[in-house]
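S.K.: give me the fold of what follows.
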Amino acid sequence: MPSDPPDLTLLTAAVDQVADLLGRVDDAALDRPTPCADWTVGGLVDHVVHAPVVFTTIMRGEEPDWASAPPRIGSDRVDRFREASDGLVRSWESAASDSPSPLDWQLAELAVHTWDLAASLDEPTDGLDPRVAEAGWVFMTAHLRPEVRGEAFGPEQPAPPDADAYTRIAAFAGRVV
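M.R.: Model (predicted):
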């Protein structure tokens, strides 16, 4: 008997927030630094726009090509992100409850990079839906142990006591906040 599809409210909120921030990226900002030492805003945009493609690939039971760089994204970044995210949502709508790509992992990835993008654009995060970052934070704190952080996530950093959910998850992911 098939299980009920997951509640995609948080995924939809995460996608909408990222799309909104991507819409605020001016081409002149693409060379700006980000909290990710190896990425410019352009590299972060490429990664974020490609993330739903990677998630969908994993959900199909296929292995993404982790070694290849994501494609360069032009000024159609919002449309391309929305298209890739629509495919991800469709995958979730037909997914079994034992998907090889946990929804909360996807929310964590999107929440951390939402903070990265907002910080790079000097945009506040306190108005974003905190439930997205909170769900991602719960997943990350349960699964992102020091021995599996790799190069993508530095050691956990301190967050101010009054930090919003996006700042807390960014600090846990190794971002200096």
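S.K.: where in the chain is pLDDT low?
M.R.: Within the chain, the stretches falling below the threshold (pLDDT under 70) are 1-6, 96-100.
S.K.: which parts of it are helices?
M.R.: Per DSSP state H, the chain carries helices over the ranges 9-23, 41-59, 77-93, 103-120, 130-143, 165-172.
S.K.: mind putting the ones you listed in a markdown table, distance to residue 34 and mean neighbour count included?
M.R.: C-betas here are computed from N, CA, C, even on glycine. Formatted as a markdown table, the entries for the helices of the chain read as follows, by distance: least, CB to CB, whole Å; neighbours: other CB atoms under 10 Å:
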| stretch | distance to residue 34 | mean neighbour count |
| --- | --- | --- |
| helix 9-23 | 12 | 19 |
| helix 41-59 | 5 | 21 |
| helix 77-93 | 15 | 17 |
| helix 103-120 | 4 | 24 |
| helix 130-143 | 18 | 20 |
| helix 165-172 | 11 | 24 |
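S.K.: which one, of these, ends up nearest to residue 156?
M.R.: Go through the helices of the chain one by one with CB to CB and the one that ends up closest to residue 156 is helix 165-172, at 5.2 Å.
S.K.: helices or strands up against the closest one?
M.R.: With contacts defined as 3 or more CB pairs under 8 Å, 6 or more residues apart in numbering; DSSP states H and E, helix 165-172 has these neighbours: helix 103-120, helix 130-143.
S.K.: save those helices as CSV, and put in distance to residue 87 too.
M.R.: What follows is the helices and strands packed on helix 165-172, written out as CSV (distance: least, CB to CB, whole Å):
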stretch, distance to residue 87
helix 103-120, 13
helix 130-143, 19
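S.K.: for the helices of the chain, which one sits closest to residue 35?
M.R.: Across those, residue 35 has its closest neighbour in helix 103-120 (5.2 Å, CB to CB).
S.K.: residue 154 and residue 172 touch, don't they?
M.R.: No. Taking CB atoms under 8 Å as the definition, residue 154 is not a contact partner of residue 172, at 10.4 Å.
S.K.: can you tell me the closest non-neighbouring residue to residue 130?
M.R.: residue 165 (4.0 Å; CB to CB, 6 or more residues apart in numbering).
S.K.: give the contact list for the residue nearest the centre of the chain.
M.R.: In the chain, the C-alpha closest to the average C-alpha coordinate belongs to residue 110, at a distance of 1.7 Å (CA atoms, centre = their mean). By CB atoms under 8 Å, 6 or more residues apart in numbering, the contact set of residue 110 is 14-15, 17-18, 48, 51, 132, 136.
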